[in-house]
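Asks: quick check, what structure comes out for this input:
(4 chains, ligands or ions: 2)
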Amino acid sequence: MTGVAIIGVGHSVFGTRRDVNIPELCWESMKPAFENANLEPKDIEFFVVGNLGIWSSELAIPAIMAEYADLAPKGSMRVEAACATGSAAIRVGYTAIKSGLADLVLVLGVEKMQESPNPNVIELIGRFGSYFWEFENFGLTFPGYYAMHASAYMMKYGATEEDFAKVAVKAHHYAAKNPYAQFRKEIDVATVMKGPYVAWPLKLFDCSPITDGSACVILASEKKVKELGIEEKVWILSQGVGTGTANLSKREDFTSLASARYAAEQAYKLAGIDDPVKQLDGANVHDCFTAPEVIAYEDLGFCKRGEGYKLAREGQTYIGGKIPVNVDGGLKAKGHPIGATGVSMAVEAYKQLLRKADKGRQADIKNGRWLAHNIGGTGHYAYVTIYGLEKR
Amino acid sequence: MTGVAIIGVGHSVFGTRRDVNIPELCWESMKPAFENANLEPKDIEFFVVGNLGIWSSELAIPAIMAEYADLAPKGSMRVEAACATGSAAIRVGYTAIKSGLADLVLVLGVEKMQESPNPNVIELIGRFGSYFWEFENFGLTFPGYYAMHASAYMMKYGATEEDFAKVAVKAHHYAAKNPYAQFRKEIDVATVMKGPYVAWPLKLFDCSPITDGSACVILASEKKVKELGIEEKVWILSQGVGTGTANLSKREDFTSLASARYAAEQAYKLAGIDDPVKQLDGANVHDCFTAPEVIAYEDLGFCKRGEGYKLAREGQTYIGGKIPVNVDGGLKAKGHPIGATGVSMAVEAYKQLLRKADKGRQADIKNGRWLAHNIGGTGHYAYVTIYGLEKR
Amino acid sequence: MDVKEAIEKMGFPIIPDEKSNAWQWFDVRELKLRYILSVEGIKKFYEGLKEGKLLATKCKCGRIFFPPQKDCPSCKKSEMDWIELKKEGVLETLTVIHVRPTSFSHYDPYAVGIAKLDDGVRILAWYRGEPKLKPGQRVKVEIVKRKEGYQTYELVPI
Amino acid sequence: MDVKEAIEKMGFPIIPDEKSNAWQWFDVRELKLRYILSVEGIKKFYEGLKEGKLLATKCKCGRIFFPPQKDCPSCKKSEMDWIELKKEGVLETLTVIHVRPTSFSHYDPYAVGIAKLDDGVRILAWYRGEPKLKPGQRVKVEIVKRKEGYQTYELVPI
Ligand SMILES: [Zn+2]
Ligand SMILES: [Zn+2]
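Replies: Ligands and ions are numbered 1, 2, ... in the order given. Now for the predicted structure:
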């Protein structure tokens, strides 16, 4: 099977984007991806759009962009896996090339969440577990699902709200250095602790925001990489994927996500990684809230079960620590435009590995491997992707 | 690259299914697919769900089914390409295997459209072109988009409403023999002609209904087919895929779908077909309305441009004619549960090629090849898939 | 039977289906969707409409866009001029929407068509006139107000 | 400024954004979603609730399902018995929803928890009591009516 490389990337500014409509927001990341890869729209053989929608007007974004960006008549589809939508889109692009059906694929992730008022968005995300048994009957919200993990974790291991707050502080620290981030301002633990509860024990600054944004990567086969003479590229070394039950009540445990552990195990095995902290240069993990970042450390084997909060407490996931995590600001402070998030993680892997990250947030690249952990719902979907400078 | 075979199929009864909820409706087609393939849920390595949703409550159907049908923790995603959603799901399953990432994949297509009242469904489907420039501003409905093709076609070639009516008569003729169909009753041309206009020139009986239903196929790699000793199977020989502009006003012509011609060209090339009428034993084409079935004859090369209506007029697409089309009742009379339709076409290809179709609707199988033409929106997405008894 | 009655009678928001008698749970959580779309990039289109002009964008590379778009995928620039379209052309297709979406139910059946304007671009618009389609039918574009109370445009046979 | 005012002032349903001044088109087509869900397969669950019983399905193969489901993926049969669950267990997790969805805005902040019942199945339900989580906290399941006016169930510390 052919290797698959990212040969071009683009990223829109994340935030409240009242200045652009959906195709304009998409083009903002597509244009630099084309330029970066030195390609024209007509060169693309297949494209896939990660978008959750519902809160936004246009349902057929692949067709919208086929028209707006001259991609017609090339084939396309939309994919969705809740907040892991972007990584699912990457999977479709990755397999399209690996299967030999295409040599050049464009993967676009986009969300314009602010086409609906905030209360509607809050309502809609809350419907992403079991609609009937959790939302309709018991009013669960998306922060609520993760809050139940945060509280169970605190009870079991003795972590504190301050430990989670430190994750938010780190996110803002790096977002302040990322020109594409939604919140470009440092905060401290006291600010997080003073925030009002959204879903106890999670407070306002524990939560990722409602974000408009897009991100784009262009994928190429080995053959195409050679043919085009591409020098700057990052390979997709492996991807693991898992699914969790819809009802949280059908799970054994609320201090870890079984689907994420399963996805990580596959991704590591396929990429030949047995000691992630030693073999990776850094990671993006799914910090839609602070607590799940801590749980991700454990699910990914960056530390033992029950010790993730210590990494946060000790600042071990800053650059220079045990392993840098979310040094782009993470979902928490870079922003979390659902469909774009997984693709944004791929863009970050590309930048970090090629040492193109902004000043103050470039990790030390020794192993040439970066990990992206992208979760949909509360472990309803889990995608773990490993990117590398050298094809395995 | 490995060949990919359908080794198990299942199909729910299509229609108004107030007796089941979403997971129960899914299980109705999954259970026979498992039994047919002699597999257990735990054998599946990856699964993909084709579902459009919006009109139905549960947003995370892959997670719902991961729980209900014991598929967790295996990876999954949802895909969508409007009414071609089912074929997009098949593409994801097909490439998952062809890329070597999985050997056994389950593809489920499902829609529970009747979880919303009909006016809402009509409204939502109308939003599947350009929301802003077509729906919001000019109130276009889904029948309206195709009606503009029907009227342009009639003007250009002299086809009549009676010609289109004959397509509906054929659909009902075969649906009457299909125990899974929504409308199991024959009708005549007079009945169609007497129906009220939905969108001129299309009348009530020119339109596919609002349907609840699911369909499921289990795909396997060549290796797995051998390992399991599967005798009854159908291979995916090729798939072509195209995208059209969102706005109809950006197209050159309203008597044909450019995306469908593009998809057909690819599919034929990859399957080595240059004379479809001679090399195929039959086809399922996307007759969401009667007129597009006639246009499909032309886009697929079953006749010259401008002559499709003659095939309908002369009954050449009945069994025994030039090429049998939609002998399961088609979307028109079997029903059109959006996400399930493309998968239902795959089930039909499996049944026809293995001579398992119901009495009175089994086509003559000489070439061992069957085609499925599945369109999303009004040519916004086009998927053409060719199935065969012999691996190419 | 409405949901309140159902709760009184059945104890739950459950109503048996009229035909099949199967129990149906009537959702007690309603969601109202109404989107907020940015038109910042095509402001001039609306300013033009108010003055009775139909405007399109034209890229420095010569490409014309209608509906207007802000970015040009041909040359990847986003510096558009606004040009006025000639409001005449040939009707290419037509339909009459009889079954209306809920949000258009305040209209009688209405006609919509697509014309190719003499500038070469196509336009989808309301159609006013006898709903008959014949080859080469010339139409003009009229900027009018309809029930919504703001400017929109219609194709009218000449 | 509401949409009507906008049409009067701007000529269109366009309102400039307060912060950025970017023009926003306020959708004039509203969509109201409220679903109709079949509960035909789990009728007995509601009949049980009315009598104060918490029912689960149990397959002939021995597997118990809560929330109740009609089909068993283990043996692929769909012939379930209904069994009554013991209404006591251990609280495993808890949250208090402060920021509520619109359709729950008529509630004060409310607590929701998950308990593992002594029968071995877990249940997600409203939580009534002091919102504090401690290891091994025993709870009972109480079937009650809340604002919606129909039976639902709460976890209550013992
Ligand atoms: Zn240009
Ligand atoms: Zn069983």
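Asks: which secondary structure state is assigned to the nearest residue to A:Leu257 once chain neighbours are set aside?
Replies: Counting by CB to CB, 6 or more residues apart in numbering or on different chains, A:Gly379 is the residue found nearest to A:Leu257 once chain neighbours are left out, at 3.3 Å. All C-beta spots, glycine's among them, are computed from the backbone N, C-alpha and C. For A:Gly379, the assignment made with DSSP: H, G, I helix; E, B strand; the rest coil gives coil.
Asks: tell me the contacts of A:Gly379?
Replies: By CB atoms under 8 Å, 6 or more residues apart in numbering or on different chains, the residues touching A:Gly379 are A:244, A:251, A:257-260.
Asks: go on, A:Val241?
Replies: Remark: with contacts taken as CB under 8 Å, 6+ apart, A:Val241 is in contact with A:91, A:263, A:266, A:381-384, B:46, B:75-77.
Asks: from A:Leu270, how far out is it?
Replies: Counting by CB to CB, to the nearest Å, the gap between A:Val241 and A:Leu270 amounts to 11 Å.
Asks: hang on, the earlier thing: what about the contacts of A:Val241, which are in strands?
Replies: Assigned to strands by DSSP state E, the following of the contacts of A:Val241 qualify: A:381-384, B:46, B:75-77.
Asks: of those, list those near chain D.
Replies: Applying CB under 8 Å from any CB of the partner chain, the subset of those adjacent to chain D is empty.
Asks: quick check, nearest of these to chain D?
Replies: Distance from chain D was checked for each of the ones in strands among the contacts of A:Val241 by CB to the nearest CB. The minimum falls on B:Ser76, at 15.1 Å.
Asks: and the longest strand seen in chain C, what does it pack onto?
Replies: Longest strand of chain C, by residue count under DSSP E: strand C:88-97. The helices and strands touching strand C:88-97, judged by 3 or more CB pairs under 8 Å, 6 or more residues apart in numbering or on different chains; DSSP states H and E, are helix B:142-157, strand B:197-200, strand C:110-117, strand C:122-127, strand C:138-145.
Asks: buried deepest among these, which one?
Replies: Neighbour counts averaged per stretch over those are highest for helix B:142-157, at a mean of 25; criterion: mean count of other CB atoms under 10 Å in any protein chain shown.
Asks: packing partners of that one?
Replies: Helices and strands touching helix B:142-157, as assessed by 3+ CB pairs under 8 Å, 6+ apart, comprise helix B:118-126, strand B:197-200, strand B:202-203, helix B:290-299, strand C:88-97, strand C:110-117.
Asks: for ligand 2, find the nearest of these.
Replies: Go through the helices and strands packed on helix B:142-157 one by one with CB to the ion and the one that ends up closest to ligand 2 is helix B:118-126, at 35.3 Å.
Asks: what is whichever helix or strand comes after that closest one packed up against?
Replies: Later in the chain than helix B:118-126, the nearest helix or strand by DSSP states H and E is helix B:137-138. Using 3+ CB pairs under 8 Å, 6+ apart as the contact test, the elements touching helix B:137-138 are strand C:122-127.
Asks: quick check: can you name the pairing partners of the strand it packs on and their directions?
Replies: Paired neighbours of strand C:122-127 in the sheet (DSSP bridges): strand C:110-117 (antiparallel), strand C:151-157 (parallel).
Asks: name the residue most distant from the centre of chain A?
Replies: In terms of distance from the mean C-alpha position of chain A, A:Glu227 ranks first, at 30.5 Å (CA atoms, centre = their mean).
Asks: surely it is in a helix?
Replies: Yes: when the secondary structure is assigned by three-state DSSP, A:Glu227 falls within a helix.
Asks: returning to what we had before: may I see the strands paired with strand C:122-127 arranged in a markdown table, with mean pLDDT as well?
Replies: Shown next, in a markdown table, are the strands paired with strand C:122-127 (pLDDT from 0 to 100):
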| stretch | mean pLDDT |
| --- | --- |
| strand C:110-117 | 98 |
| strand C:151-157 | 97 |
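Asks: among the ones you listed, which is nearest ligand 1?
Replies: Ranking the strands paired with strand C:122-127 by distance to ligand 1, with CB to the ion as the measure, places strand C:110-117 first at 20.1 Å.
Asks: who's in contact with C:Tyr153?
Replies: For C:Tyr153, the contacting residues are C:49, C:54, C:123, C:125-126, C:141-144, taking CB under 8 Å, 6+ apart as the criterion.
Asks: quick check, central residue of chain C?
Replies: Chain C has C:Ala125 as the residue nearest its centroid, 7.5 Å off, counting by CA atoms, centre = their mean.
Asks: which strand residues sit across from that residue in the sheet?
Replies: When assigned by DSSP bridges, C:Ala125 has beta-bridge partners C:Gly113.
Asks: I'd say it and C:Val141 touch.
Replies: Yes: counting by CB atoms under 8 Å, C:Ala125 sits close enough to C:Val141 to count as a contact (6.6 Å).
Asks: strands along chain A, start to end?
Replies: Defined through DSSP E, the strands belonging to chain A, from first to last, are A:4-11, A:46-50, A:75-80, A:104-112, A:197-200, A:202-203, A:212-221, A:234-243, A:282-284, A:369-376, A:381-388.
Asks: relative to ligand 1, which of these is closest?
Replies: Nearest of those (CB to the ion): strand A:4-11, 18.3 Å.
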